[in-house]
Structures are given as C-alpha cells and as structure tokens.
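Asks: Okay, here's the prediction I keep looking at, along with the sequence it came from:
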Amino acid sequence: MNRNLLLGWALLMSLFLIWTQYKTHQAKESLKLVEQQKADSLAQFNKTHPKVADTTSAASLTATPDSASSVPTSANDATTEPHRTIRVVTPHFTAMLDNQGARIAGLSIASLEGKPVYNPTLIRPEGEGALTLAINNKDLGPVVWKVDTQDTLIQLGSAPVTISFSTNVPGMGEVVRKYTFLTDKPAIRHETVLPNGVSSYALEWKGGLEETEKLASGRGFGLLSSYFSEVVYDNGVSVQRTSFQGEKTFNAESGVVRWLGMRRKYVAVLLDFHKEIQDRIVATGKGDPNQSTAPKHYSLRVAGTADDANALDFDVMVLPLQYANIKALGRNYEQILFSGWEWFFRADLWYVKLCGLVLRLLNTFHSWIPNYGIAIILLTLLVRFITLPLSISQTRQAAKMAQHQPEIKKIQEKYRGDRQKTQIEMMAYYKQQGINPLAPVMGCFPALLQMPVFISLFNVLGRAVELHEMPFFGWIRDLSQPDVVLYSFQVPFVFPVGLTILPFLMAGTMWVQMKMTLKDPNQKAMVWLMPIMMFLFSCSFPSGLVVYWTVSNLFTIAQTKIFTPKPSPIVGRIKTAKA
C-alpha cells in the first residue's frame, strides 16, 4: 500500500464523513423544530377539539368513540352525525378512520417478522391525520360524515373490507369516500365519487409522519443520524428523495407522478395512484422559515380539476422498508432506500442495484447462519477473495519495487538534472528487471473496487430494517449502531456516543497492516496517521461496518504474510545502473 493510495483513501473518507456530519447537524436542528411542532399541535388540537382529544390516546390507536358527542356538519347544518372512530387491524398495520373529515386519524405498523417489539406509530390520533378533502374551495375536513358501519373495531380476515363515508354538500350533492383494506398487499384502497357540481378538489395530508427513531447524541466524525424524513416520489423516470424547507411544487409544468409519500428511517407511507397524475402536488415543510436546515416534517396537498380527478383514486401503501418485500411489489419502491445519487456518475442507475446486491448477500448468508455479524464477515471474505488476484499482483510488484529501490536511486542520482535521460534509463531498467512501472498506481485498484461495497454496506446498515437491532456476540448488541459499552463515557469527536471497543481492534489491525506494507522511511508517519484517523472516524460508525473493516485488515495482514516474495539477488544490472 503506497503513499498515494493512502492519501486517496483519506480524501475519499474525509469527503464521505463531511457529508454524514453535515446531515447529522441538519437532523439535530430539525428534531428540535419537530418536537416543538408536536407540542404546539397537540395543545392547539386539545383546545379546539376537547371531546375528541379526551377519547384518543397519544400512545396507541385504541381510541373508543365518544357516543355522547354530536358534531354538526359544516357541509349541511340541518343534520348532525355522532363523532366516531373505527379501528381496523390488518396483518401489516393498524389504522384508525375518523368520520370527522373521513380521514385516516391513526396508523401504526404491525410487528415485523423477527422484530416483535418494532411497531412504531406513524400517525397519532391527536394529530391532524391524513387525507382530508376540499371541493370547490370548501373544506370538508371539519365535516362529520355518515359511515356505513356501526363497528368500532374490525379485524381483517381473508376478504377485503370496505368502509364508506358520505356527506351531502349543499348546492353540489353527495360526496362518497371509500376505504378498502386489501388482503394481497399492505394497502388501503381509496376511491372518491364526486357529484356533478364539483369543478375542483384538493386532497390534504396535513399531519405528516411521526418520527420513529431516536436521534444519536454527541459530536463526532461521521456520526450516524437515525433521523430520516423525506418526501419521496416516482416521476415516471426515476425515484426521487428530497428534503427541503418551505414549500415545493412537484410536476409544476408537464411532469407526471406515479406515486408519492413520506418516509422515515425504516418505513414509508405512499399514495400510489391508479393512473399517472399531472395534478398540482405541493409539499410544505413545517418549521421556522428562518432556519437554514431542512424542517424534516411535511404536509402534502394534491389539487386539480374534477374533470381529471385521477388523484382521488389511489392505494395508501404502508411499507416497512424490507428490501425483498417492497421490490416484489414491482413499483420501484425499493429505490426509496438507496436512490438519490444521480450526481455521482449516474449512480441512480447502478447504486441501488449494488446496495440491493449487498443486502441480498447478507440475507443469504444469514439464512445459512442466523447471525448478521457472521454474514458481514462472509461478505468481507467474498469481496477480498474476488479482488485477491489483483491484490497479490500488487503486493508482489510493490515488494519487487522496494527491492530495486537502491538501484533506481542510483540512476536518479547519476542523471540528476536531465529528466528525460533519467526516464529513459529507468524505463530500460524496469524492462530488464521485469518491473511494472505502473504498479504503484495499479495497486490502488483493489481498494477502489472495495470502496463502493464499503459505502453500500454503510447505507445498508443505516437504512435496512433487516439489520435493525441485530446482535453479533457479547457486547455487540446492534450491528446498525456503534458498539457502546459505557454510555456515560462520552468525549466529543473521540467517543461521541460512549466508549466503544471495536474501533480499538480496527485501529490495531490497521497499524499492523501498515507496519507490514510500508517500508519507505519517508512514510513512517503514515503508519500512525491512518490508524489514528480511522479510529476517530469509526468510533461513531455502525459496529457492522467496523467489523467489515477489521476483518478486511486481518485479511490484508495474512495476504501480505503469505504472498510477499522473499528478496532475491538482483541480476543482470544494466551498465548505466552500476555507477
């Protein structure tokens, strides 16, 4: 491993970690805004809707209807309907429908296979909810709709269940909204029937999605953020993930949208339209407009004319972001996980596939041996064996170059001041001794080939729910997080989360590797610089990534020990090299 390669690695890692640090700073600022917004929203809701607030729970979706409350409909003051909520339990999620606004008032995902305690709440009953409707600029959100069932709790069986809401709007006619809970996929089918007098509509998702993960605390190099809040959509060409402040309009000109929604770290909720739509779609970031960071909390609004109201017919997809499951649905949902790298050599065309391949390999290894730590070790060995022929060639050429370094220096000394003559004599010497002069440059190829896998693994560990809270052994309880053994021992930029063990092992093996491979006295500082730098970086890396790096270091040590040739006498020296 030569100096240029090490500097290249350092530059790549620095750029990579500056980016993660920037994202973490954004997340921390945004979390403060979101917490304040939650408090303000709840206070305002309780003030204006005391009876509704009393019958809902902030911790669950087990609300019961307030049979004593009767709310006049704003659409038709001549009639009243009792306020009611209906809880529907499916194998994939639990949803609460509210006849005030005929909206989704609550949503939480069911426990995932192998993760019995992971069932985060995405929409809370005390919030603004999702999918209120306005027609001809008349807001039907406050309206208490008629509902076609008296049930308050429905358990979805083998057949779909449809719940219909209706209200009569003076001067327009009856509006009907249907929610059908499907059995063949994790979805709620939404359909709307508008009367003839309607010319325009607006569908609003005001409440956004709740944060599902705790944000890592502390300050460190490359500290991983567990905070993900993005608007995601498929524009018919590619899947886009965007995080922004203020208001943003999608497909403002002639673009189309196949589906759109919001995403948290391990789950997304999407509106998958039955037909591509060109209706105006606006997302608004909720937060202080004077903040420079993204607000991380959004509302959505879809508006258009009744003549082309395709946007009112869609499936509400509730998607835990398990790669294999969402890919099998055939709607490019898997790109939510890893898309958004178009600027890097059109990585949107290949990076998602690479991350998917890494995750599939990990899942395959896990199916053989049910331990993701061992799966990461097997992935490391697979990558290193694939690049082994190039690595062996580089190791041998580097050893040969080091052996001939004294003769090369003699040539350089003899023809000092004549650069052209020096190059001619050195090339002649390289040819005679069978040395590849490009070996120092070619030697970086094995490392460069591994770098995309390394970055892919970084993203897989940080985004794939399959690895969430997956242990390895002993103190390594979650491969997607740093292996903290003492949370109270926090040192900014050294142990930002707490005292970790794996970075010591990684740095130690890297020091041994550097000691074995760097023979040039001018590069002695690198023997210490690189391990120290990587130690600081890895203290806040996912432990699975540090396992990968440590095993890779051990492989390099073994490879160097086995394949470095013993020095042999230099024969056939050319005359000019004798001096």
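Replies: It's in.

Asks: So which residue is dead centre in this protein?
Replies: Arg463 (4.0 Å; CA atoms, centre = their mean).

Asks: Now the phi/psi pair for it, please.
Replies: phi -130, psi -20 (degrees, to the nearest 10).

Asks: Now for it: which residues touch it?
Replies: Residues counted as contacts of Arg463 (CB atoms under 8 Å, 6 or more residues apart in numbering) are Phe228, Lys265, Tyr266, Leu321, Leu337, Phe338. All C-beta spots, glycine's among them, are computed from the backbone N, C-alpha and C.

Asks: let's see 10 Å
Replies: Going by CB atoms under 10 Å, 6 or more residues apart in numbering, Arg463 touches Phe228, Arg263, Lys265, Tyr266, Leu321, Tyr323, Ile336, Leu337, Phe338, Cys355, Leu359, Ser480.

Asks: just checking, which of those residues belong to helices?
Replies: Tyr323, Ile336, Leu337, Phe338, Cys355, Leu359 (DSSP state H).

Asks: JSON lines for the contacts of Arg463, including neighbour count and distance to Pro452?
Replies: Listed next are the contacts of Arg463 as JSON lines, based on neighbours: other CB atoms under 10 Å; distance: CB to CB, whole Å:
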{"residue": "Phe228", "neighbour count": "23", "distance to Pro452": "22"}
{"residue": "Arg263", "neighbour count": "22", "distance to Pro452": "23"}
{"residue": "Lys265", "neighbour count": "20", "distance to Pro452": "23"}
{"residue": "Tyr266", "neighbour count": "25", "distance to Pro452": "23"}
{"residue": "Leu321", "neighbour count": "21", "distance to Pro452": "21"}
{"residue": "Tyr323", "neighbour count": "23", "distance to Pro452": "17"}
{"residue": "Ile336", "neighbour count": "25", "distance to Pro452": "20"}
{"residue": "Leu337", "neighbour count": "26", "distance to Pro452": "16"}
{"residue": "Phe338", "neighbour count": "25", "distance to Pro452": "12"}
{"residue": "Cys355", "neighbour count": "27", "distance to Pro452": "9"}
{"residue": "Leu359", "neighbour count": "25", "distance to Pro452": "14"}
{"residue": "Ser480", "neighbour count": "24", "distance to Pro452": "20"}
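
Asks: Poorly predicted segments of the stretch 301-450 of the chain, please.
Replies: Within the stretch 301-450 of the chain, the segments meeting pLDDT under 70 span 308-311, 340-348, 437-446.

Asks: Just the strands from it, written as ranges.
Replies: With strands called from DSSP state E, counting those that start in this stretch, the stretch 301-450 of the chain shows them at 314-320.

Asks: Same check on the stretch 451-579 of the chain?
Replies: Under DSSP E, counting those that start in this stretch, the stretch 451-579 of the chain gives strands at 484-486, 499-500.

Asks: among these, which is nearest Ser538?
Replies: strand 499-500 (8.1 Å; CB to CB).

Asks: Which elements pack onto the closest one?
Replies: Packed against strand 499-500, as judged by 3 or more CB pairs under 10 Å, 6 or more residues apart in numbering; DSSP states H and E, are the following elements: strand 484-486.

Asks: buried residues in the strand it packs on?
Replies: Going by neighbour count (16 or more other CB atoms under 10 Å), the buried part of strand 484-486 is Val484.

Asks: And for stretch 544-561?
Replies: So, applying 16+ other CB under 10 Å, buried residues of stretch 544-561: 544-557, 559-560.

Asks: Now find how far off-centre that stretch is within its chain.
Replies: 26 Å (CA atoms, centre = their mean, to the nearest Å).

Asks: swap in stretch 456-472?
Replies: 10 Å.

Asks: With stretch 244-257 instead?
Replies: On CA atoms, centre = their mean, the centre of stretch 244-257 falls 22 Å from that of its chain.

Asks: Endpoints of stretch 121-140, how far apart?
Replies: Distance across stretch 121-140, first residue to last, is 26 Å (CA to CA, to the nearest Å).

Asks: repeat for stretch 123-132
Replies: Stretch 123-132 end-to-end distance (CA to CA) = 14 Å.

Asks: Can you give me the pLDDT of Lys115?
Replies: Per-residue pLDDT puts Lys115 at 67.

Asks: just the one 4 residues further on next, same as before
Replies: Among the per-residue scores, Asn119 shows a pLDDT of 74.

Asks: same check, this time on Tyr179
Replies: pLDDT at Tyr179 comes out at 97.

Asks: ok, which stretches of the stretch 301-450 of the chain are helices?
Replies: Taking DSSP state H, counting those that start in this stretch to define them, one finds helices in the stretch 301-450 of the chain at 323-328, 335-338, 351-368, 372-386, 388-403, 405-414, 419-433, 439-442, 445-463.

Asks: what's the third one packed up against?
Replies: Based on contacts counted as 3+ CB pairs under 10 Å, 6+ apart, the elements that helix 351-368 packs against are helix 323-328, helix 335-338, helix 372-386, helix 445-463.

Asks: CA-only coordinates of the longest one in PDB, if you can.
Replies: Yep, that's helix 445-463 we're talking about. Output of helix 445-463 as PDB, limited to C-alpha atoms (Å, rounded to 0.1, in the frame of the first residue of the first chain):
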ATOM      1  CA  PHE A 445      -7.400  -0.800  -7.800                       C
ATOM      2  CA  PRO A 446      -8.300  -3.500  -5.300                       C
ATOM      3  CA  ALA A 447      -9.000  -0.800  -2.700                       C
ATOM      4  CA  LEU A 448     -11.100   1.300  -5.200                       C
ATOM      5  CA  LEU A 449     -13.100  -1.800  -6.100                       C
ATOM      6  CA  GLN A 450     -13.900  -2.400  -2.400                       C
ATOM      7  CA  MET A 451     -14.900   1.200  -1.800                       C
ATOM      8  CA  PRO A 452     -18.400   1.000  -3.400                       C
ATOM      9  CA  VAL A 453     -19.100  -2.100  -1.400                       C
ATOM     10  CA  PHE A 454     -17.900  -0.300   1.800                       C
ATOM     11  CA  ILE A 455     -20.200   2.700   1.100                       C
ATOM     12  CA  SER A 456     -23.100   0.300   0.200                       C
ATOM     13  CA  LEU A 457     -22.600  -1.500   3.400                       C
ATOM     14  CA  PHE A 458     -22.600   1.800   5.300                       C
ATOM     15  CA  ASN A 459     -26.000   2.600   3.800                       C
ATOM     16  CA  VAL A 460     -27.400  -0.900   4.200                       C
ATOM     17  CA  LEU A 461     -26.500  -0.900   7.900                       C
ATOM     18  CA  GLY A 462     -28.000   2.600   8.300                       C
ATOM     19  CA  ARG A 463     -31.200   2.100   6.400                       C
END
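
Asks: Sort out which residues of it are buried, please.
Replies: 446-447, 450-451, 453-463.
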